[in-house]
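> Provided below are the primary sequence and the corresponding predicted coordinates.
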2 protein chains.
Amino acid sequence: MAQPSCIRILLVDDHSVVRMGLAAVLSLDEGLTVVAEAEDGAQALEKFRSDKPDVVLMDVRMPGMGGLEALRALRAAAPGARVLMLTTSELDEDVQRAIEAGAAGYLQKSVTRDELVRAIRRVHAGGSYVPEALERRLAQLAKRRHLSHREIEVLDGMRRGLSNRDIAVSLSISEHTVKAHVKAILQKLESADRAEAVARGFEQGLLRVGE
Amino acid sequence: MAQPSCIRILLVDDHSVVRMGLAAVLSLDEGLTVVAEAEDGAQALEKFRSDKPDVVLMDVRMPGMGGLEALRALRAAAPGARVLMLTTSELDEDVQRAIEAGAAGYLQKSVTRDELVRAIRRVHAGGSYVPEALERRLAQLAKRRHLSHREIEVLDGMRRGLSNRDIAVSLSISEHTVKAHVKAILQKLESADRAEAVARGFEQGLLRVGE
DNA sequence: GGGCGCATCGCCCGTTCGGGCGATTGCCTT
DNA sequence: AAGGCAATCGCCCGAACGGGCGATGCGCCC
C-alpha cells in the first residue's frame, strides 16, 4: 500500500470520470495516495473529518453546495486545510473568489500530470500554486470594478425581465434609487443598456444559468 | 495487448485529466481498447483517419473547432462513424444539435463506469444511447420554439448592447425589421424585455460566454 | 477629520423600446 | 395548389429607459 510518508489526498468532483482520471494520474506517483473521494460539498466535509487528508483536490462547480461554499466551510472548520481548486473554465469570477476564500492553489483540468503533481507537493509544503496564465487574469479581474451587493440584486432583477419599478417594489425601495443603481451598474460593466449589462453579468460570472 | 475483437476507441477531450480518466476506466474492460487520443477537433479528424477507431468518444466543448463542428466534419468524411458525445453541463442546446448532427449517443461526464461501457457497446453495435433524463430534456427542448438564424443574429446584437437602429445598420436592414425580430424573440423566449431575452439566451445555450 | 464608496431620495427630458394594427415576398413542406 | 414560416417593410403611441443636474446619511479607511 502507500508509504507512511505519502501525501494523503481527498478528491472532490461530481463527475466520476474526472475522479477516476485524477486517481489514475495520482496513483502513478509513489509519494501520493488518494485516501477518499466525495461527490459534493457535503460529502467532502464528512470525508475530510473522517479521513484527515493532507491535501484536498476539489472542483469549483458542483451541484448542491458548490465548490466555493464547500471551500469556505472547510476552511472555517479546519483553517489549516490545504485545498487545491480545479476548474473547467478559465475565465471565471470564481478564481478570485477561491483565492480569497483561502484556496492554496487553482488549476485547470487541462493541466499536465507533471504540473498537477508539482502543485500538490507545493501546496502540501505550505506554499501556494497558481498558474501564470491565471495569475495574469487575476490581475485583470482585480482591476475590474466590483458590483456591490445591492447592485447584484438589481442586476438579478434585470435578468428576470423586471422593470425599474418592479425591481423597486421587490426590493422595497424607490424607483429612483433603482435607476441610480442601474446607472452605476451600466457604468461599472461598461454597458450601453441593461441587456448588455446582463450579458456582461453572465460573462463575468456575476450571473449564472440555473440559479 | 488488446484482443483482435476489441472495440477500438478514439478519445477526444482537451482536458488531459478527463482523457486519462476515460482511458483508465475503459482499460478495465477487456473488450475495449483506446487506440488514440486527441486534444481538439482537428486532431480528432487526423487520428480518425489514421487509426480508424470503431467508436469515437468526444467532448462537446473544446477550444478551436468545437466538438459539434468536429462531429459534423467527421460524419461528412465518414458517414458511418460512430460517435458518442460527452458533456459537462446537462442543460444544453448542444444535446439536441449533437443528435441532429449524427451523434450515436450522448453522455454526461458524471456517468458511472457501467453506463459508459454499456453505451459504447450499444453504439458499436449500431444502436444509439441517450440517457433517460436527457431524453426527457430533449422532448422539452423540441417543444421549445426555435429562434431563426436571423433572430439569433439580432439577439447577439442585443447582447452587445446595440440599439435597434444599430442592429439594423450592422445587418443592413431597416430598423423596423429589427423591431419585428425583437418582438418575435421576446415572444419565443417568453421575455418581458431584451435584458431578459439575453438572459434566456444564455440559459438556453443560444448565447455563450467567450464568443 | 476628510475622503470615498454605498444606499437612499428628487426632477427634467430626449430617446428608445415594445405593443398594436398592418403588409408583401420568398421558400419549404404538405 | 395551399398553408406555414421566415424575412422584409409601414405607422402610431404610451410607457419605460438612460443621461444630466442635484441631494442626504452612513460606514470605512487612511
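It's in. Numbers count the residues shown, from 1 in each chain, chains lettered A, B, ... in the order given.
> for stretch A:13-22, which outside residues touch it?
A:11, A:34, A:37, A:39-40, A:57-59, A:62-63, A:86, A:109, A:116, B:17-22, B:24-25, B:88, B:108-113, B:116 (C-beta atoms under 8 Å, 6 or more residues apart in numbering or on different chains). To be clear about C-beta, it is placed using only N, CA and C from the backbone, and glycine gets the same treatment.
> filter the residues you listed down to the ones in strands?
Among these, DSSP state E puts A:11, A:34, A:37, A:57, A:58, A:59, A:86, B:108 in strands.
> of those, grab the buried ones for ChimeraX.
This is the ChimeraX syntax for the buried subset of the ones in strands among the contacts of stretch A:13-22, where burial follows 16 or more other C-beta atoms under 10 Å in any protein chain shown:
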select /A:11,34,37,57,58,59,86 /B:108
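> quickly check the ones in strands among the contacts of stretch A:13-22 for the two that are furthest apart.
Maximum pairwise distance in the ones in strands among the contacts of stretch A:13-22, criterion C-beta to C-beta, is 22.6 Å, between A:34 and B:108.
> next secondary structure element downstream of the helix or strand bottoming out on mean pLDDT in chain A?
For chain A, counting by mean pLDDT, DSSP states H and E, helix A:132-143 ranks last in confidence among helices and strands (a mean of 66). The helix or strand immediately downstream of helix A:132-143 is helix A:149-159, counting by DSSP states H and E.
> outside of whichever helix or strand comes after that next one, which residues touch it?
Counting by DSSP H and E, the next helix or strand C-terminal to helix A:149-159 is helix A:164-171. With contact meaning C-beta under 8 Å, 6+ apart, helix A:164-171 is reached by A:150, A:153, A:154, A:157, A:158, A:162, A:174, A:175, A:177, A:178, A:179, A:182.
> and the two most separated of those?
A:158 and A:174 (17.0 Å).
> which one's more surrounded, those two?
residue A:158 (28 against 12; other C-beta atoms under 10 Å in any protein chain shown).
> where does chain A dip in pLDDT?
A:1-4, A:64, A:89-93, A:137-145, A:211 (pLDDT under 70).
> what residues does it have near DNA strand C?
A:146, A:148-151, A:171, A:173-174, A:176-177, A:179-181, A:184, A:193 (C-beta under 7 Å from any atom of the strand).
> which one among these gets closest to residue A:101?
Using C-beta to C-beta, the residues of chain A next to DNA strand C come closest to residue A:101 at residue A:146, 15.4 Å.
> mind checking how far that closest one is from DNA strand D?
Noted for residue A:146: a distance of 14 Å to DNA strand D, by C-beta to the nearest atom of the strand, to the nearest Å.
> burial count for that residue?
Neighbour count of residue A:146, defined by other C-beta under 10 Å: 12.
> next one: residue A:178
25.
> could you grab the helix/strand/coil label for it?
helix (DSSP: H, G, I helix; E, B strand; the rest coil).
> apart from its chain neighbours, what residue comes closest to the residue of chain A found nearest chain B?
Taking C-beta to the nearest C-beta, chain B has its nearest neighbour within chain A at residue A:21, 2.2 Å off. Leaving aside its sequence neighbours, residue A:21 sits nearest to residue B:21 (C-beta to C-beta, 6 or more residues apart in numbering or on different chains; 2.2 Å).
> ok, and for stretch A:52-61, which residues are buried?
Quick answer for stretch A:52-61 (16+ other C-beta under 10 Å): A:53, A:54, A:55, A:56, A:57, A:58, A:59, A:60, A:61.
> let me redo that: stretch A:71-91
For stretch A:71-91, using 16+ other C-beta under 10 Å, the buried residues are A:71-74, A:81-89, A:91.
> re the thing from before, just flag the most distant two among the residues of chain A next to DNA strand C.
A:146 and A:174 (24.0 Å).
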